[in-house]
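Undergrad: quick one, fold the following:
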Amino acid sequence: MDSTLIYALIAGVGAVDYLMVRNLEFIMSVTSERILEQVLALPIAERAELLERLLASFQAPSDPVFDGLWLQEAQERLAAFDRGELASVAADEVFEKMKQRKHEG
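TA: Below you'll find the predicted structure:
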């Protein structure tokens with residue numbers, strides 16, 4: 001018994017509803033495959049933008065209080081950097097350390 005049927009039985013939907021769900025599920029699969037093929041044909045920059053938007057769609061709505069706290073933190077870090085109290089590390093160094101850690105662990 002497939003999981004869609006189990007869900008349908010638990011939810012108490014009828015046989016016609018179940019068939020509609022199964023058909024919709026199949027259509028969505030075919031549609032998703034077509035969309036994927038089209039997306040993979042896009043230039044890398046457009047795929048990256050699309051990916052960023054898709055990932056953003058999974059995030060919960062922002063919380064103004066939380067966003068304000070992060071903005072304050074970022075401003076304080078930038079001010080500390082400008083005063084010479086916070087050092088920076090070149091991206092190449094960071095990525096090299098990440099590679100080393102990956103190979104160690």
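Undergrad: contacts, neighbours, all on C-alpha from now
TA: OK.
Undergrad: quick one: the spatially most central residue of the chain and residue 48, what's the gap?
TA: Nearest to the geometric centre of the chain sits residue 55, at 2.7 Å (Cα atoms, centre = their mean). Distance, residue 55 to residue 48, using Cα to Cα, to the nearest Å: 10 Å.
Undergrad: again with residue 70
TA: For residue 70, the distance to residue 48 - Cα to Cα - is 25 Å.
Undergrad: for residue 99, same thing?
TA: 23 Å.
Undergrad: show me the helices in the chain, by range?
TA: With DSSP state H as the criterion, the chain has helices at 3-11, 15-40, 44-57, 64-82, 91-104.
Undergrad: which outside residues touch the fourth one?
TA: Contacts of helix 64-82 with the rest of the structure, by Cα atoms under 8 Å, 6 or more residues apart in numbering, involve 86, 87, 88.
Undergrad: tabulate the helices of the chain in JSON lines, adding columns for mean pLDDT.
TA: Shown next, in JSON lines, are the helices of the chain (pLDDT from 0 to 100):
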{"stretch": "helix 3-11", "mean pLDDT": "47"}
{"stretch": "helix 15-40", "mean pLDDT": "67"}
{"stretch": "helix 44-57", "mean pLDDT": "90"}
{"stretch": "helix 64-82", "mean pLDDT": "92"}
{"stretch": "helix 91-104", "mean pLDDT": "87"}
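Undergrad: so what are the domain limits for the chain?
TA: 1-59, 63-105 (automatic domain parsing).
Undergrad: what sits against the residue nearest to the centre of the chain?
TA: Residue 55 touches nothing, counting by Cα under 8 Å, 6+ apart.
Undergrad: try 10 Å this time
TA: Contact analysis of residue 55 by Cα atoms under 10 Å, 6 or more residues apart in numbering lists residue 49.
Undergrad: what do you get for the one 3 residues further on?
TA: Contacts for residue 58 (Cα under 10 Å, 6+ apart) come out as none.
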